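Enquirer: Sequence plus predicted model, see below.
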Amino acid sequence: MKTKNGRNVGFGQWLRTYEGQKLYVSILFLLIPLALLVLFTFVPAVNMVGYSFQERDQFGVDPKFVGFENYKTIFTNPDYFITFKNSLYYLAGSFVQQIVALLVASILCSKIRAKGFFKGVLFFPYLMNGVAVSIIFLRFFTKGNPPLTQEGTLNSVLALFGAEPVRWFDPANTFLVNCCLVFVSIWRYIGFDIIMYIGAIQSISPDLYEASNLDGANPFQQFRYIVFPSIKPIVSLQLILAVKGAISVFEIPYIITGGNYGSSTFVIKTIETAFKKKQVGLACAMAVVLLVIIIVVTLIQKYFFREGDDKPAKSTKKEAA
Amino acid sequence: MNSEAQKKPVYISQIVIKILSYAVLICGCLMVLIPIVVILLGAFKDSKEFANSGVFEMPKSFAFDNFKTAFFEGKVMRGLFNTFIIIVISCFGTILTGTMTAFIIQRFESKMTRLIKGAFLLATLLPNISMQVTVFQIISKMGLYNTMAAPIILYVGTDIISIYIFMQFLSQIPVSLDESGIMDGASYPRIYFSIILPNLKPAVATVLIIKFVSIYNDFYTPQLYMQDESLLVVSTVLYKYISSTKIQWEVVFSGIILCIIPTLLIFLFLQKYIYSGLVSGAVKE
């Protein structure tokens, strides 16, 4: 064993040098995290790809190689393919969510009383347990299941304005069902976006506002020419992340409707296929499709939002040119 | 700023904008609060009253009978207890493995550690819930199905966000601090325990908050791995209520309120840290 300055020492002694320490501390500290990473992330990921080409039950008894059959099912069987269509609802919903969050955030950044209260109330749903949220909205939209005699919250509110009760979860009206679920999703997650946009808006230099005040700019002009340009990167990043979010929707529709009334999502279908229908091969193919979509979106995101350490060489070249 | 505003004439358009601003905020708050208030009112009604009164009607009395039923017979107590055990062990595990991993990757820069960092980065891409299709088989093979160890090991082992938060904070702790430790003859484990860990306290607080919220609210992991009646957690207790055929809504509602209370308390006391902590966690994602 050699140390940096080339002295020959015994192994025991070498371990006590800082080079030796680096080695054993690295092994000691990384052993468990790496073992867990491999065992619960990489092994399942590799299995997932492998199983996706097989017809296979839960216990892997007698698996059969079927090539791309599972993938063909996903893209040709309308029962599976329709779930992609459902994620479009959530995608549209997150556009609405971003716009509203931006509006609310800029209001909360202006001179307003009780800011902390408004911020807190609007953010709190984000912290709430998803099952609790889902049950709250089961009561919000329906009489409950099994049905109660009294109308749900939303219909009761509408009744105050003299409107007739609406059947929100109507199996014949998938559009309405999905819109309701998207509403719940916005209700739950918008607070987070508001907080993020507030942070972004507050990081804008106050000099800019003062200068625009002197020039007599109104709040809309301030938003259009000062706020929006400065937070544009975050807004576009959010919109790209919305694609990932829309395809990964699971919890709220799974609990509220169980994926019934045409409200199933891609992930719900994956889980059902694996654990109810016990078609693990097909479910793995679905998981791989989801993974590919996520990777593509991430690459797009990386390409458009290069962080400082990602591709510095390229950006400086562009500037030079 | 104030004196400036006073000097300037107040335009009608400014007043209109002010009014609209408050209108938007109040509407937003009503949308958040109305669904929750209905649950709170319902939680105090007895079953007959619940069936016969409208959702906005005040309960006749504010008795806590439903809450008692939900807490003891409805297993909310069990759920809260199990959830907290899982949270405590997982947080301990995450902080230990997360800081250690971050320490090695951040401080011992080499090809090897960069490769390991890349491996962790790659893992963030994998869709969590869909992955359970194959993770499930590994958990079963290890004999962890229907034990608390299953969610705990997944919460510790697949939590990469925390490692990033620790790395982020670690990069702001000057290396000269480590070097001064080396000058004093401290070994690397010693440097980790007496220099790095104490300096990572703010990061630990952030991770604790994120961990608490995500584990407390996680539904699918416990639902999939802990079917046993004695292993119910907050989410699965509530889910069990609505998946049964005979639902006692007033008890379900009190269960919901009981489960929201810990979140509400934490939010009220740690508001500032929650805003910054959750946002910093998400930006790293």
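Expert: Okay, I see it.

Enquirer: burial of the closest residue to chain B within the stretch 201-321 of chain A, as a residue count?
Expert: Residue of the stretch 201-321 of chain A nearest chain B, by C-beta to the nearest C-beta: A:Ala287 (3.8 Å). C-beta here means a position set from N, CA and C on the backbone, and glycine is covered the same way. Residues contacting A:Ala287 under the criterion other C-beta atoms under 10 Å in any protein chain shown number 30.

Enquirer: do the same with B:Lys272
Expert: Neighbours of B:Lys272 using other C-beta under 10 Å come to 9.

Enquirer: Which residues are in contact with it?
Expert: Under the criterion of C-beta atoms under 8 Å, 6 or more residues apart in numbering or on different chains, B:Lys272 has no contact partners.

Enquirer: which one is B:Ile116 nearest to, not counting chain neighbours?
Expert: B:Ile105 (6.1 Å; C-beta to C-beta, 6 or more residues apart in numbering or on different chains).

Enquirer: For the residue in chain B positioned nearest to chain A, list the residues it contacts.
Expert: When scored by C-beta to the nearest C-beta, chain B has B:Gly157 as its residue closest to chain A, at 3.0 Å. Counting by C-beta under 8 Å, 6+ apart, B:Gly157 touches A:Pro33, A:Leu36, A:Leu37, A:Leu39, A:Phe40, A:Thr41.

Enquirer: I'd like the distance between the closest residue to B:Asn128 other than its chain neighbours and B:Asn199.
Expert: Spatial nearest neighbour of B:Asn128, chain neighbours left out: B:Thr158 (7.4 Å); criterion: C-beta to C-beta, 6+ apart. Distance, B:Thr158 to B:Asn199, by C-beta to C-beta, to the nearest Å: 26 Å.

Enquirer: Of all the helices and strands in the chain, which has the lowest average confidence?
Expert: Using chain A. The weakest-scoring helix or strand in chain A, judged by mean pLDDT, DSSP states H and E, is helix A:312-320 (a mean of 36).

Enquirer: Is the helix or strand containing A:Leu31 positioned near chain B?
Expert: In this assignment (DSSP states H and E), A:Leu31 forms part of helix A:18-37. Yes - Helix A:18-37 is in contact with chain B by C-beta under 8 Å from any C-beta of the partner chain, via A:18, A:21-22, A:25-26, A:28-30, A:32-34, A:36-37.

Enquirer: what's the closest of the contacts of B:Gly157 to chain B?
Expert: Lowest distance from chain B to these (C-beta to the nearest C-beta) belongs to A:Leu36, with 3.0 Å.

Enquirer: rewinding a little: does the residue nearest to B:Asn128 touch A:Leu39 like I think?
Expert: No - B:Thr158 is beyond contact range of A:Leu39, at 9.9 Å (criterion: C-beta atoms under 8 Å).

Enquirer: So the two - more neighbours on which side?
Expert: Set side by side, B:Thr158 and A:Leu39 show more neighbours around B:Thr158, with 21 against 17, by other C-beta under 10 Å.

Enquirer: mind checking pLDDT for the more buried one?
Expert: We have a pLDDT of 86 for B:Thr158.

Enquirer: Could you do A:Gly6 as well?
Expert: pLDDT for A:Gly6: 55.

Enquirer: Give me the number of neighbouring residues for B:Ser214.
Expert: When neighbours are counted by other C-beta under 10 Å, B:Ser214 registers 16.

Enquirer: any idea how far it is from A:Ala246?
Expert: Using C-beta to C-beta, one gets 20 Å for the distance from B:Ser214 to A:Ala246.

Enquirer: Over to A:Val166?
Expert: 25 Å.

Enquirer: and these two? which has more neighbours close in?
Expert: Neighbour comparison, A:Val166 and A:Ala246: the larger count goes to A:Ala246, with 23 against 14 (by other C-beta under 10 Å).

Enquirer: residues contacting that one?
Expert: A:Ser87, A:Leu88, A:Tyr90, A:Leu91, A:Gly93, A:Ser94.

Enquirer: mind redoing it with 10 Å?
Expert: Going by C-beta atoms under 10 Å, 6 or more residues apart in numbering or on different chains, A:Ala246 touches A:84, A:86-95, A:182, A:185, A:265-266.

Enquirer: Tell me if A:Tyr209 really is in a strand.
Expert: No - using DSSP: H, G, I helix; E, B strand; the rest coil, the assignment for A:Tyr209 is helix, not a strand.

Enquirer: check contacts around it.
Expert: Applying C-beta under 10 Å, 6+ apart to A:Tyr209 gives the contacts A:Cys109, A:Ala217, A:Gln222, A:Ile226, A:Val227, B:Met1.

Enquirer: While we're on it, how confident is the model there?
Expert: Reported pLDDT for A:Tyr209: 80.

Enquirer: Next: A:Val184.
Expert: pLDDT for A:Val184: 95.

Enquirer: how would you label the closest residue to A:Thr174 other than its chain neighbours: helix, strand or coil?
Expert: Distances taken as C-beta to C-beta, 6+ apart place A:Gly262 nearest to A:Thr174, at 3.4 Å, with adjacent residues excluded. Assigned by three-state DSSP, the conformation of A:Gly262 is coil.

Enquirer: Report the buried residues of stretch B:49-57.
Expert: B:Phe50, B:Ser53, B:Val55 (16 or more other C-beta atoms under 10 Å in any protein chain shown).

Enquirer: Tell me the buried residues within the residues of helix A:18-37 next to chain B.
Expert: By 16+ other C-beta under 10 Å, the residues of helix A:18-37 next to chain B give A:Gln21, A:Val25, A:Ser26, A:Phe29, A:Leu30, A:Ile32, A:Pro33, A:Leu34, A:Leu36, A:Leu37 as buried.

Enquirer: Around residue 223, how many other residues sit close by?
Expert: Defaulting to chain A. For A:Phe223, the neighbour count with other C-beta under 10 Å is 18.

Enquirer: if you could check chain B rather than the one you did, that'd help
Expert: Neighbours of B:Gln223 (other C-beta under 10 Å): 20.

Enquirer: repeat for B:Pro202
Expert: B:Pro202 has 14 neighbours, counted by other C-beta under 10 Å.
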